[in-house]
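Asker: Okay, predicted coordinates and the sequence, questions at the end:
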Amino acid sequence: MAFALLAGLLVVGSVLRNRFSLLRNMLIPSSIIGGLIGFILLSLGWIPGYQSSDFASLTFHFFTLSFMSLCLTGTSREASLSGGSIMRGGMWLTIIWTISLGLQGVIGYLVIRGYDAITGSGVSEWLGAIVTHGFTQGPGQALTYGGLWESEYGIEHAAQVGLIFASVGFLVAFAIGVPMAKRFISRGHNANKASRLDENFRSGFYPAQNPPETGRMISHPASLDSLAYHLGLLAIAYVITHVWLVFMQGVVVGAEPGGINLSVLFSHNLFFLHGLGVCVLMRLVIDRVGLSHRVDDESLKRITGSAVDFMVVGTLMSIQFSVLYALLAPIVLVVVSVTLATFIICLFIGRLSGKLGHERALTSFGCCCGSTGTGLLLLRMMDADFSTTVPKELAFFNLAIIITTFHILFIFAPLVPSLGGWSYLAIFGGTALFFLAMIPLMLIRRPFSSGVAAKGSAS
C-alpha cells in the first residue's frame, strides 16, 4: 500500500502539472508535486495508519535500483560521440562533489557557532555540520551518521535534523535547478537538442498524434514480457549483491585494521555501491559473450527514470515536521548559506569542465543538494533520453567519490562529535581546499582546442 500511495501521487502530480499553468511554466517535476502533497497529507494525519518512516525503505531501494539499472545499460553510439571521456567527465563531477562535502560541513558548523554566539541559544554546532551529509549525500547517510552521533555522543535530534536537511535539499535542488535548466535550454546550451522547451515539455504529456516510441521487445510475450525480463536482470543483480555482502560480512567480522571497522564497508546500507559494481561486471560479461542483443538499453533507461521518480516522492514523504518547526531559524540560516556556496561552486567548476559543462553544472548541483538521483532527474531535463555521456559519468563518479572521500566517510564522519572544532575544520576544510587546488591541473591536461571550445561554450 505504501508503494501504491507513491505511485498514485505521481499520477496526481502529473495531472496537476498538466492542468495548472503556474506549475507548467515553473517546470516542476511531477514527482516533486506528488511528494509535497504526500508530505502535507501525512503531516495533517490524513493518511490513516501511515507515517513518514513507512516510506524510508522504499526510498532506499528506488535509489539503489536507479543506479543499478543505469550501470546495466550499455553505452550507445550517440553517447560515445557527445561527451568525450567518461572517466574525465566523471572526475570533474567527483571534484565538485568532494569540494562540496567538505565545504558544506564547514559552513554548517560555522553558521551554528555564529547563531549561538548572537542568540545564546546553545544549539549544537554538530547539527549544522550534519548538513553536508543531508545535502551532499542524502537521507540514507544523514540518518546513518545522525543516528551514530545521537546514540554515541548524545547529539540530540541529530538523525531528524539530518533527514530534514536531506529533504529540504531536494526542494532546494529543484527550486533552483529547474530554473537553471530552463535558462540553459532556452539559450541552447544543452547538447541533446531533443530536450527543448516546447509545449510537450511544459505540459508533461505527449499528444495523441505521433508520440515518441521507446524500447524494443527482447523476449516473446508468449514466454515472458520484455519489461518483466529486464526487471529480472536487475533482480539477479540484487540477489548477487546481497549474497556478496552476507559473505563478506562473515569474512571481515571483527577486523579493524588501523582502527577502521571493515564491516561498515560491507553493510547493507552501502548496498547501492556494491550493486553498481555487480551491474558493471554483469554488463561486461553480457557484452563479452556476445549477448548484448538480449538487453534493451531503452527499457533499462525507463526503469532508471521511473526509480528516480519514486525515490523523490518517497524522500519528501519522509519529512517529519515537528523537529523542523522547533529548529526552524538555525536550519534556514544553514540552508541559505550552504545553498549559495554550493550553487557558486557547481556553476563555476562545471562550466570549466569543457563540453557538456552546463549539464555537469546542473547535475552536480542536484547531487550536492539532494542525491545522485536528484542530479539524474535534473539532468533528464537537459538530456531527456540520456544520450550524452553525463549519466555514465555519474556512474563512474559514484565509485570515484568513495576513494576521494574515504577518509571522511569511513573514518572521521562517524566520529565527528569527538574530533573537536579545530580538528573538524582542518579535516573537512582541508579536503575541500586540496581538491580545489586540483582544478588547475585538470585544465592544464585538457588539450588547447578543448579549452577554446569550453570558453566559447561558457560565454
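Answerer: All right, it came through fine. The shown structure was predicted, so the numbers you read here are calculated from the model rather than taken from an experiment.

Asker: Please state the offset of the lengthiest helix in the chain from the chain centre?
Answerer: Selection of the longest helix in the chain by residue count, based on DSSP state H, yields helix 86-119. Its chain's C-alpha centre and that of helix 86-119 lie 15 Å apart, by CA atoms, centre = their mean, to the nearest Å.

Asker: so what does the following helix or strand past it touch, helix or strand wise?
Answerer: Using DSSP states H and E, the helix or strand that follows helix 86-119 towards the C-terminus is helix 126-129. Of the remaining helices and strands, those touching helix 126-129 by 3 or more CB pairs under 8 Å, 6 or more residues apart in numbering; DSSP states H and E are helix 86-119, helix 158-186, helix 328-352, helix 416-419. The way it works is simple: take the backbone N, C-alpha and C, and place the C-beta from them, glycine included.

Asker: Among the ones you listed, which comes closest to residue 384?
Answerer: Distances from residue 384 to each of the helices and strands packed on helix 126-129 were compared by CB to CB, and the smallest falls on helix 158-186, at 10.2 Å.

Asker: C-terminal to the closest one, what's the next element?
Answerer: For helix 158-186, the succeeding helix or strand toward the C-terminus, using DSSP H and E, is helix 199-203.

Asker: Tell me the gap between that next one and the middle of its chain.
Answerer: Chain-centre distance of helix 199-203: 25 Å, with CA atoms, centre = their mean.

Asker: all numbers from here: first residue = 298
Answerer: Sure thing, new numbering starts at 298, so read that last one as helix 496-500.

Asker: Next secondary structure after it?
Answerer: Secondary structure here is assigned by DSSP H and E; on that basis, the next helix or strand after helix 496-500 toward the C-terminus is helix 523-549.

Asker: buried ones in that following helix?
Answerer: Using 16 or more other CB atoms under 10 Å as the test for burial, helix 523-549 gives 523-524, 526-528, 530-531, 534-535, 537-538, 541-542, 545, 549.

Asker: one step back: the longest helix of the chain relative to helix 455-483, how many degrees between them?
Answerer: If you take axes from the mean of the first three to the mean of the last three CA atoms, to 10 degrees, helix 383-416 sits at 120 degrees to helix 455-483.

Asker: Taking helix 625-649 as reference, get the angle to helix 383-416.
Answerer: Here helix 383-416 points in a direction 150 degrees away from that of helix 625-649 (the same axes, to 10 degrees).

Asker: where's residue 346 relative to residue 302, distance?
Answerer: Residue 346 sits 11 Å away from residue 302 when distances are taken as CB to CB, to the nearest Å.

Asker: what do you get for residue 509?
Answerer: Spatial separation of residue 509 from residue 302 under the definition CB to CB is 29 Å.

Asker: More neighbours: which of these two?
Answerer: For residue 509 versus residue 302, the count of surrounding residues by other CB atoms under 10 Å is larger for residue 302: 21 against 9.

Asker: and the more buried one, what helix or strand is that in?
Answerer: Mapping residue 302 onto the secondary structure by DSSP H and E places it in helix 299-316.

Asker: List the buried residues for the helix or strand following that helix?
Answerer: Along the chain past helix 299-316, the next helix or strand (assigned with DSSP H and E) turns out to be helix 318-323. Neighbour-count burial for helix 318-323, counted by 16+ other CB under 10 Å, picks out 320-321, 323.

Asker: Ok, stretch 689-702 next?
Answerer: Buried residues in stretch 689-702, counted by 16+ other CB under 10 Å: 689-695, 697-698, 701-702.

Asker: tell me the mean pLDDT for that stretch?
Answerer: In this model, stretch 689-702 carries a mean pLDDT of 83.

Asker: circling back: and of the buried residues of stretch 689-702, the nearest to residue 565?
Answerer: Looking at the buried residues of stretch 689-702 and their distance to residue 565, the nearest is residue 695, at 17.0 Å (CB to CB).

Asker: The closest one contacts residue 364, correct?
Answerer: Yes - taking contacts as CB atoms under 8 Å, residue 695 lies within contact range of residue 364: 6.4 Å.
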